[in-house]
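*Asks:* Turn this into a structure:
(chains A, B, C and D)
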Protein chains: 4
Amino acid sequence: MSKLYFKYGAMGSSKSAQALITQFNYEELGMKVWLIKPSIDDRDGADIIKSRIGLSRKAMIIKPDDSIYEMYKDHKDCDVIISDESQFFTPKQIDELRAIVDDLDVPVICYGLRTDFRTKFFPGSMRLMELADSLTEIKTVCSCGSKAMVNARLDPNGRIITEGSQVFLGGNDSYKAMCHKCWIKKIKEQQKGEQ
Amino acid sequence: MSKLYFKYGAMGSSKSAQALITQFNYEELGMKVWLIKPSIDDRDGADIIKSRIGLSRKAMIIKPDDSIYEMYKDHKDCDVIISDESQFFTPKQIDELRAIVDDLDVPVICYGLRTDFRTKFFPGSMRLMELADSLTEIKTVCSCGSKAMVNARLDPNGRIITEGSQVFLGGNDSYKAMCHKCWIKKIKEQQKGEQ
Amino acid sequence: MSKLYFKYGAMGSSKSAQALITQFNYEELGMKVWLIKPSIDDRDGADIIKSRIGLSRKAMIIKPDDSIYEMYKDHKDCDVIISDESQFFTPKQIDELRAIVDDLDVPVICYGLRTDFRTKFFPGSMRLMELADSLTEIKTVCSCGSKAMVNARLDPNGRIITEGSQVFLGGNDSYKAMCHKCWIKKIKEQQKGEQ
Amino acid sequence: MSKLYFKYGAMGSSKSAQALITQFNYEELGMKVWLIKPSIDDRDGADIIKSRIGLSRKAMIIKPDDSIYEMYKDHKDCDVIISDESQFFTPKQIDELRAIVDDLDVPVICYGLRTDFRTKFFPGSMRLMELADSLTEIKTVCSCGSKAMVNARLDPNGRIITEGSQVFLGGNDSYKAMCHKCWIKKIKEQQKGEQ
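*Replies:* Below is the predicted model:
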């Protein structure tokens, strides 16, 4: 029986590299992979799954209104579905992936972020956390050596931001994976400094 | 460094037994456990953690407006906090448990349901899934032999119900842990029978 | 497809309680469990799986020369095989459990110790570590708060013993689950004290 | 507190890629990695960790008589030790890695094969399975779609070989990761064909 997998991790935990390695492993066995990715923006290369370590591959873009269940009909010969950035799927699309697993017995492996810069779920990661058969953390380290969990959003001065829209494209903010303890500690220090 | 644990499972997966066994293991080593449980109702015995296999123990009841962080000050000598039915904590209370882990270096082990009878999070399980350092599934089987995941709500005629309030006390409905595939299949069969 | 599971843990990690809870969960669903245990000695009650928390149940004793594969023919109606003290099975018996999983599609769930008082495998746990589809640790704590891993053997004066036969029945020695760091530290302190 | 990790998997499960990604993640944070590998032969490039997906990196070679504990003194500034092919370390070297974790509080992450072509441990993987704080499987698939576990050794005619020396360099044999069920089935079919 096939399963719905959610392999979640903080930024910089090599989720894209893991997605591409899993694809590689299946393909090496002569199996067929349908590699997908939710659309976020229209920038050039938005359909590329790219990892910082140097791997990259073209994926099929899924728009918020697309029905993955319907699109699958053109990919019936695939042995597995692998997605990156799965936190950006709509809850309805995750329900469709669940249905593909249940109805058609195809394994679906979703890589993605667990939470945003305020430690709140994205719509897709929330539904995956509710529905996946298997939850696995892709671990990475905080600079203190502990496991990182929070995707801290930093302004150009390196200050942690805790308000704003969930998805933030362009601009000068950056992200840093931190453990919850270091994240809270830095926020409190910022607050003290402001008084 | 201490951690926040969420050990989630479907109904009948022996979460309460696991909570009491963990308590037992700590106490056997001479360590002190603060055993807690969110209040759900005022029925007699609401403060008892009771497992179907025959184990039971009194726990401290936490009401929705209680501050666990404040209450902890009267339990500073405890080596670990263990809770059952953690899905019923408020998100704010989970934030407090997170703060106890981070600020005071006390491990917090939360047992509870992952989702309700519609496969949607409870407020407490959602926040735990966002914030816990460690997520572990307590597994149990569907009658088909696969892993159970959905807490199906059944009416007195054995029909699966998919609408209604999240928490349902009293009445004649019952619950059954099922795998997602069997759950969906049975719902579809019911719908066909109605046409 | 069924699996061979090895759920290993140090002494006092509640392996027997877990075995009995798993049995209970299957039986509650109307499924049939074949509960087994390797023979170690002929003492009264050797056929009882008993946990310190107060649960107990009679199991079928498997002697070193028994063929579990042959014995299974009288238990063909069981839905699952659950064993406690699995470290004491012979490697050949673990191979038979593997064959029952592969040939007959029956899940086999083995609970047992990982290593002896010198951190060396038992014959059964070694073969399970080589062959099981799923390895899960049943965790317990060292008195320092870390995870316990070593089953320290203590003489009546509380000194750690690191030589002797693997299985030691009767006598005045006792066992204590410790983390590797505390175990090594105590051994070194003992050695210093002797000089 | 640091840990000793064993991340094991069958051939072709991308263990080397995982080792290099973990190294990359640490280095991106400005942390220092000591990348090591047991010596197996003297062929050119024996000191390269190379993954089929296209990543490669030079590692320090550890010979069977080397003391990793002593060599570490020249790498005191490293934040983590990462090794590939860890199944080929001697048991004594695994004990040394354990001591580095316990005494010096440095995390050690070992990647390697679990078992050989007869489903028996290698010396290094056996000791790691006895001593590691954390055991994680790096999964890959059998051509049947199940999880692969056995490293089948195939002769030039594609027949599975079950006898011979554990390490086999050069020659015309090849390896294929298979699930235990398919492996046994194929061996039985070969035997039937021979009669």
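
*Asks:* what's the domain layout of chain A?
*Replies:* A:4-138, A:150-194 (automatic domain parsing).

*Asks:* hmm, the longest one touching chain C?
*Replies:* I take that to be domain A:4-138. No. Using Cβ under 8 Å from any Cβ of the partner chain, domain A:4-138 never reaches chain C; the gap is at least 11.9 Å. Every residue, glycine included, has its C-beta placed from N, CA and C.

*Asks:* For A:P91, give its distance to B:M129.
*Replies:* Counting by Cβ to Cβ, to the nearest Å, the separation of A:P91 from B:M129 is 15 Å.

*Asks:* Ok, A:M60 next?
*Replies:* Counting by Cβ to Cβ, the gap from A:M60 to B:M129 is 28 Å.

*Asks:* Could you do A:M71 as well?
*Replies:* In terms of Cβ to Cβ, A:M71 sits 28 Å off from B:M129.

*Asks:* Looking at the two, which is more packed in?
*Replies:* Between A:M71 and B:M129, counted using other Cβ atoms under 10 Å in any protein chain shown, B:M129 has the larger neighbour count: 24 against 14.

*Asks:* Spatially nearest residue to that one (excluding sequence neighbours)?
*Replies:* Leaving aside its chain neighbours, B:M129 sits nearest to A:M129 (4.7 Å; criterion: Cβ to Cβ, 6 or more residues apart in numbering or on different chains).

*Asks:* all helices for chain A, in order.
*Replies:* A:15-28, A:68-72, A:91-104, A:123-131, A:180-194 (DSSP state H).

*Asks:* hmm, who's touching stretch A:16-24?
*Replies:* A:7, A:33, A:35, A:49-53, A:55-57, A:82-84, A:109, A:111, A:138, D:14, D:17-18, D:21, D:52-53 (Cβ atoms under 8 Å, 6 or more residues apart in numbering or on different chains).

*Asks:* Can I get that stretch as PDB, trimmed to CA atoms?
*Replies:* Extracted in PDB, the C-alpha atoms of stretch A:16-24 (Å, rounded to 0.1, in the frame of the first residue of the first chain):
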ATOM      1  CA  SER A  16      15.400  20.400  -2.500                       C
ATOM      2  CA  ALA A  17      18.600  18.300  -2.600                       C
ATOM      3  CA  GLN A  18      16.700  15.500  -0.800                       C
ATOM      4  CA  ALA A  19      13.900  15.700  -3.400                       C
ATOM      5  CA  LEU A  20      16.300  15.500  -6.300                       C
ATOM      6  CA  ILE A  21      18.200  12.600  -4.700                       C
ATOM      7  CA  THR A  22      15.000  10.700  -4.200                       C
ATOM      8  CA  GLN A  23      14.100  11.300  -7.800                       C
ATOM      9  CA  PHE A  24      17.500  10.100  -8.900                       C
END
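
*Asks:* Pick out the residue in chain A sitting closest to chain C.
*Replies:* A:M1 (7.9 Å; Cβ to the nearest Cβ).

*Asks:* Now for that residue, how many residues are close by?
*Replies:* 14.

*Asks:* same deal with A:K186?
*Replies:* If we define neighbours as other Cβ under 10 Å, then A:K186 has 17 of them.

*Asks:* How about the residues of chain A by chain D?
*Replies:* A:12-14, A:17-18, A:20-21, A:24-26, A:28-31, A:52-55, A:79, A:107, A:140-141, A:143, A:145.

*Asks:* Now, of those, which are buried?
*Replies:* Among those, the ones that count as buried by 16 or more other Cβ atoms under 10 Å in any protein chain shown are A:12-14, A:17-18, A:20-21, A:24-26, A:29, A:53, A:55, A:79, A:107, A:140-141, A:145.

*Asks:* In space, not sequence, find me the middle residue of chain A.
*Replies:* A:G112 (1.6 Å; Cα atoms, centre = their mean).

*Asks:* hey, what's that residue bridged with?
*Replies:* A:Y8 (DSSP bridges).

*Asks:* Would you agree it is in contact with A:S125?
*Replies:* Yes. Using Cβ atoms under 8 Å, A:G112 is in contact with A:S125, at 5.6 Å.

*Asks:* Near chain B, which residues of chain A? Just list them.
*Replies:* With Cβ under 8 Å from any Cβ as the criterion, chain A comes near chain B at residues A:1, A:98-99, A:102, A:114-115, A:119-121, A:126, A:129-131, A:133, A:135, A:137, A:146-147, A:149, A:180-181, A:184.

*Asks:* still on that earlier bit, show me whatever sits in contact with both of A:G112 and A:S125.
*Replies:* A:F6, A:Y8, A:S86, A:Q87.

*Asks:* Which of those has the largest number of neighbours?
*Replies:* Going by other Cβ under 10 Å, A:S86 tops the shared contacts of A:G112 and A:S125 with 32 neighbours.

*Asks:* For B:V141, see how far away that residue is.
*Replies:* Distance from A:S86 to B:V141, by Cβ to Cβ: 28 Å.

*Asks:* just A:K92 next, same as before
*Replies:* Relative to B:V141, A:K92 is positioned 29 Å away (Cβ to Cβ).

*Asks:* and what of A:V167?
*Replies:* In terms of Cβ to Cβ, A:V167 sits 39 Å off from B:V141.

*Asks:* again, but for A:S67
*Replies:* Applying Cβ to Cβ to A:S67 and B:V141 gives a distance of 33 Å.

*Asks:* cool, A:M60 as well?
*Replies:* In terms of Cβ to Cβ, A:M60 sits 36 Å off from B:V141.

*Asks:* do the same with A:P91
*Replies:* 27 Å.

*Asks:* For the helices of chain A, could you give me TSV that also reports distance to B:Q191 and mean pLDDT?
*Replies:* Shown next, in TSV, are the helices of chain A (distance: least, Cβ to Cβ, whole Å; pLDDT from 0 to 100):
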stretch	distance to B:Q191	mean pLDDT
helix A:15-28	36	96
helix A:68-72	18	97
helix A:91-104	15	97
helix A:123-131	20	98
helix A:180-194	44	93
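
*Asks:* Save the ones you listed as a markdown table, and put in distance to B:D155 too.
*Replies:* Converted to a markdown table, those look like this (distance: least, Cβ to Cβ, whole Å):
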| stretch | distance to B:D155 |
| --- | --- |
| helix A:15-28 | 42 |
| helix A:68-72 | 29 |
| helix A:91-104 | 23 |
| helix A:123-131 | 23 |
| helix A:180-194 | 42 |
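
*Asks:* neighbours around the residue lying closest to A:K139 once chain neighbours are set aside, how many?
*Replies:* Using Cβ to Cβ, 6+ apart and skipping residues adjacent in sequence, the residue nearest A:K139 is A:K147, 5.5 Å away. A:K147: 20 surrounding residues under other Cβ under 10 Å.

*Asks:* Contact partners for A:K147?
*Replies:* A:K139, A:T140, A:V141, A:C179, B:D133.

*Asks:* same question, A:A59
*Replies:* Contacts of A:A59 (Cβ under 8 Å, 6+ apart): A:L35, A:I36, A:K37, A:D47, A:I48, A:I49, A:S83, A:D84.

*Asks:* about what we covered before: quick check on the residues of chain A next to chain B: which are buried?
*Replies:* A:98-99, A:102, A:114-115, A:119, A:121, A:126, A:129-131, A:133, A:135, A:137, A:146-147, A:149, A:180-181, A:184.

*Asks:* Poorly predicted segments of chain A, please.
*Replies:* For chain A, residues meeting the criterion pLDDT under 70 lie at A:41-44, A:168-171.

*Asks:* My read is that A:M178 contacts A:G145, right?
*Replies:* No. Between A:M178 and A:G145 there is no contact under Cβ under 8 Å: 11.8 Å.
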